[in-house]
Structures are given as C-alpha cells and as structure tokens.
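Student: test case, fold it:
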Amino acid sequence: MAEHRKDLEKKTKPILDTLRSYQDLPPDKALAALAIEDKKRQYATAEKYLEDVLQSALATSD
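Tutor: Numbers count the residues shown, from 1 in each chain. Below you'll find the predicted structure:
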C-alpha cells in the first residue's frame, strides 16, 4: 500500500506543480493575458541584460 501511494505521488507531483504555477494568474482571461505578456517582457529584459553582461565580459577579456 505504501509503495502504491509513493507511485501515485510520483505520478501526480508534476501535474500539481504545473497547476500551482497557474495559481498566480488572475481569474480574468484578459488580465491573465496581460500577466503573461508582462512575464514575457521581463524575460526578454533579463535575457538582454545577460547578453550585455556576457558581451561586456568578452570585451574586457580581449
């Protein structure tokens, strides 16, 4: 029984983790779309910053 329970927990954990990630979204579809776009902008900004830091590090190492 304990083995069966562990197996079920192992199977459901990824699903629960995915569902938890959606809990931060607003209940309104339009607000959720805005929140997703905001996260995409934040990601793009972080990616650009990382790219600039890497370019700067490469430039100073030359």
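Student: center of this protein, which residue is that?
Tutor: Computing the C-alpha centroid of the chain and ranking residues by C-alpha atoms, centre = their mean puts residue 21 first, at 7.9 Å.
Student: check the gap between that one and residue 43 for me.
Tutor: Distance, residue 21 to residue 43, using C-beta to C-beta, to the nearest Å: 14 Å. For every residue, glycine as well, the C-beta is placed using N, CA and C.
Student: what do you get for residue 7?
Tutor: Distance from residue 7 to residue 43, by C-beta to C-beta: 35 Å.
Student: residue ranges of the helices in the chain, please?
Tutor: 2-21, 29-61 (DSSP state H).
Student: show me where the protein dips below the pLDDT cut-off.
Tutor: Counting by pLDDT under 70, the low-confidence segments of the chain come to 26, 62.
Student: what about 80?
Tutor: 21-27, 61-62 (pLDDT under 80).
Student: before we move on, the earlier item: ok, the residue nearest to the centre of the chain to residue 55 distance?
Tutor: From residue 21 to residue 55 the distance is 32 Å (C-beta to C-beta).
Student: one more: residue 48?
Tutor: As judged by C-beta to C-beta, residue 48 and residue 55 stand 10 Å apart.
Student: now swap in residue 24 and tell me
Tutor: Residue 24 is 33 Å from residue 55, by C-beta to C-beta.
Student: done for today, thanks.
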